[in-house]
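Asker: this one's structure only:
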């Protein structure tokens, strides 16, 4: 359930999940899971051979060689990131804003986490100069910055970092002795894959990057938790994978057997999976572009969404009008818009942004339809925006923003 004031106004357990696809489960994927329901044994900690080999094939098709002995799997990105942070040690640097679930992992480990501003053109990656300044300040204060977590296709901002920006940030991090954890969960949700250049930090700094990917980003339903990590092919990478497996074992954090078989099938990307992935990204891209136009028409600001199932809006230009309605910070904005949109609209404070900033993440999934039948229709439509129920949902969305 999405949290409200009555529930405590922001505890971790009420934090916003990643935006869901709003689409039916792929039938072929459901068949694989159904065929494995008789399997009662879980995967070993870190995942079985079939799952890890499938992950290697997935990365190889994206230009990243991987060794199954340097891959680890877990039931979702949260426990996997927790294990990675525990394995690598030290203080943690994160871009601001960043996914809502990153900072709680650091807090659970008792680790300091420092948010670094992102450049004007994108989110997901810290501004290189701000990163250097933050590292040196933290060290001067006695801290031990050792890890930078970033994302190539970002939640919450729905942007993709330009290659030059990514390169400069990675060079700054590695030059200061930081290890990079690259969250690539959303890389397969690019709205215009032929027009968007995406580079993994592991291509630029292969010995200093661990890649993390949650399959719920594009390949499997979020209710079937599975995530994979690719460690560097170095002695230190071997050691850190072993430490991460120790943590996953101690937590009993293993992938369920039937889910592992479905995850391996998805990672192998047979035609049904590949076609669905591309179609889902295109659908969300069309709807996100329309929602973006509504945000701009209302007088607010948002970077054009490039990936994912959401956009990140800044309503500061509407501050005076919102203040007249009792909305003066992102918590109040979250409550105001969630009630009027009828769907979660988490405020920027959830993502490490300043409380006083009037920023909000708006998901596209709720705009695809209210019933499974309506949501299925968008996959087959030549133009999803021409469907009556999508047009009505977008009109209602625009009316709520326009009323501000």
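Answerer: Nice, I can see it. Model, not experiment: these values are computed from the prediction.

Asker: I'd guessed residue 169 sits against residue 150; true?
Answerer: Yes: shown here, residue 169 and residue 150 form a contact pair, counting by C-beta atoms under 8 Å, at 6.9 Å. For glycine as for every other residue, the C-beta is placed from the backbone atoms N, C-alpha and C.

Asker: quick one: contacts for the residue nearest in space to the middle of the chain?
Answerer: When C-alpha atoms, centre = their mean is applied to the chain, the residue found nearest the centroid is residue 155 (4.5 Å). With contact taken as C-beta atoms under 8 Å, 6 or more residues apart in numbering, residue 155 is in contact with 18-19, 99, 185-186, 308, 310, 361.

Asker: if you look at those, which of them are in strands?
Answerer: 310, 361 (DSSP state E).

Asker: Check the contacts of residue 155 and tell me the two furthest apart.
Answerer: Farthest pair in the contacts of residue 155 (C-beta to C-beta) is 185 and 361. Separation: 15.1 Å.

Asker: just to revisit the earlier point, tell me, what's touching residue 169 and residue 150 both at once?
Answerer: 125-126, 161.

Asker: Number of residues surrounding the residue lying closest to residue 208 once chain neighbours are set aside?
Answerer: Nearest non-adjacent residue to residue 208, counting by C-beta to C-beta, 6 or more residues apart in numbering: residue 174, 4.8 Å away. For residue 174, the neighbour count with other C-beta atoms under 10 Å is 18.

Asker: pretty sure residue 174 belongs to a helix, no?
Answerer: Yes: under DSSP: H, G, I helix; E, B strand; the rest coil, residue 174 falls within a helix.

Asker: show me where pLDDT drops low in the chain?
Answerer: The model of the chain has pLDDT under 70 over residues 1-14.

Asker: Could you tell me how many residues sit around residue 144?
Answerer: Using other C-beta under 10 Å, residue 144 has 12 other residues around it.

Asker: same deal with residue 370?
Answerer: For residue 370, the count of nearby residues is 12 (other C-beta under 10 Å).

Asker: a strand runs through it, doesn't it?
Answerer: No: under three-state DSSP, residue 370 sits outside any strand and is assigned coil.

Asker: give me every residue that touches residue 147.
Answerer: Contacts of residue 147 by C-beta under 8 Å, 6+ apart are 85, 88, 90-93, 178-181.

Asker: Distance-wise, check the residue located most distally from the centre of the chain relative to residue 52.
Answerer: Distance from the centre of the chain peaks at residue 324, with 33.8 Å (C-alpha atoms, centre = their mean). To residue 52, residue 324 is 56 Å away according to C-beta to C-beta, to the nearest Å.

Asker: Check residue 327 too.
Answerer: Residue 327 is 48 Å from residue 52, by C-beta to C-beta.

Asker: Residue 179 now?
Answerer: 21 Å.

Asker: related to what we said a few turns ago, got the contact list for the residue nearest to residue 208?
Answerer: The neighbourhood of residue 174, defined by C-beta under 8 Å, 6+ apart, consists of 180, 205, 208.

Asker: Residue 184 now?
Answerer: 151-153, 200, 211-213.

Asker: quick one, phi/psi of it?
Answerer: Phi and psi for residue 184, reported as degrees, to the nearest 10, are phi -110, psi 30.

Asker: What segments of the stretch 151-300 of the chain are helices?
Answerer: Listed in chain order, the helices of the stretch 151-300 of the chain (DSSP state H, counting those that start in this stretch) span 163-175, 201-204, 235-251, 257-267, 271-297.

Asker: which of those helices sits most buried?
Answerer: Among those, ranked by average contacts under mean count of other C-beta atoms under 10 Å, first place goes to helix 257-267 (a mean of 24).

Asker: Just the residues contacting that one, thanks.
Answerer: By C-beta under 8 Å, 6+ apart, helix 257-267 touches 28-29, 32-33, 35-37, 39-43, 47-48, 50-51, 53-55, 57-58, 73, 75, 215, 219-220, 224-226, 228, 255, 273.

Asker: ok so, going back, do you know how far the residue nearest to the centre of the chain is from residue 56?
Answerer: Separation of residue 155 from residue 56 (C-beta to C-beta): 25 Å.

Asker: What sits closest to residue 270 if chain neighbours are left out?
Answerer: With C-beta to C-beta, 6+ apart as the criterion, residue 270 has its nearest non-adjacent residue at 7.4 Å, and that residue is residue 28.

Asker: Now neighbour count too, for the contacts of residue 147, in a markdown table please.
Answerer: Formatted as a markdown table, the contacts of residue 147 follow (neighbours: other C-beta atoms under 10 Å):
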| residue | neighbour count |
| --- | --- |
| 85 | 24 |
| 88 | 18 |
| 90 | 16 |
| 91 | 18 |
| 92 | 24 |
| 93 | 26 |
| 178 | 23 |
| 179 | 24 |
| 180 | 22 |
| 181 | 23 |
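
Asker: shouldn't residue 344 be in contact with residue 338?
Answerer: Yes: under the criterion of C-beta under 8 Å, residue 344 makes contact with residue 338 at 5.7 Å.

Asker: Surely residue 91 and residue 111 touch.
Answerer: Yes: contact criterion C-beta under 8 Å: residue 91 and residue 111 qualify, at 6.2 Å.

Asker: Assign a three-state SS to residue 338, would you?
Answerer: What three-state DSSP gives for residue 338 is helix.

Asker: Could you check how many residues crowd around it?
Answerer: Neighbour count for residue 338, taken as other C-beta under 10 Å: 19.

Asker: Kindly report the same for residue 323.
Answerer: Neighbours around residue 323, by other C-beta under 10 Å: 12.

Asker: Name the helix or strand for it, please.
Answerer: helix 319-324 (DSSP states H and E).

Asker: and that helix, how far from the chain's centre?
Answerer: Averaging C-alpha positions (C-alpha atoms, centre = their mean, to the nearest Å) puts helix 319-324 31 Å from its chain's average.

Asker: could you measure the nearest residue in space to residue 214 that is not next to it in sequence against residue 315, distance?
Answerer: Leaving aside its sequence neighbours, residue 214 sits nearest to residue 77 (C-beta to C-beta, 6+ apart; 3.7 Å). According to C-beta to C-beta, residue 77 and residue 315 sit 29 Å apart.
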